[in-house]
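In: Can you look at this prediction? I've put the sequence above it.
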Amino acid sequence: MTKFLVDTTENLSPGSLKNITAGGKEILVVNVNGNFYAINNICNHAGAELHEGTILKDKELVCPWHSAKWNVETGELIWFPQKLKNQETYQIVVENNNIYVEI
Ligand code: FES
């Protein structure tokens, strides 16, 4: 596992979404009520970039193209008319107010 710096906790306030490229992967980091989560930024349906979507309460991320809903903690599909693979998720580590993603 390698740790990649995402940002500081001050810069990623609750409700924020931030996309980064790390370890050859496109990753979305979100702050939901003070907890940080990392999920694959490319929607498994048709490739939308999820950082352009909306984060709702209860860790729900809505895709900007066709409104699939994903759980940002588990990567599980919450809602869509057809079955989709779960999104990959990643471990977040917070140290000294710095947010890292482990890949
Ligand atoms: S690209 Fe995300 S729901 Fe279609």
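Out: Received it, and whenever you're ready, just let me know what you need.
In: pLDDT at the nearest residue to residue 62 once chain neighbours are set aside, what is it?
Out: If the residues on either side of it in the chain are set aside, residue 62 comes closest to residue 54, at 4.5 Å by C-beta to C-beta, 6 or more residues apart in numbering. C-beta: built from backbone N, CA, C; applies to glycine. Confidence at residue 54, expressed as pLDDT, is 96.
In: ok, residue 54 - contacts?
Out: 61, 62, 64 (C-beta atoms under 8 Å, 6 or more residues apart in numbering).
In: could you measure it against residue 89, distance?
Out: 18 Å (C-beta to C-beta, to the nearest Å).
In: and if you look at residue 66?
Out: 21 Å.
In: quick one: which of these two has more around it?
Out: Using other C-beta atoms under 10 Å as the criterion, residue 66 and residue 89 rank with residue 89 on top: 18 against 12.
In: Could you look up the SS state of the nearest residue to that one once chain neighbours are set aside?
Out: Closest residue in space to residue 89, ignoring its immediate chain neighbours: residue 75 at 4.2 Å, by C-beta to C-beta, 6+ apart. What DSSP: H, G, I helix; E, B strand; the rest coil gives for residue 75 is coil.
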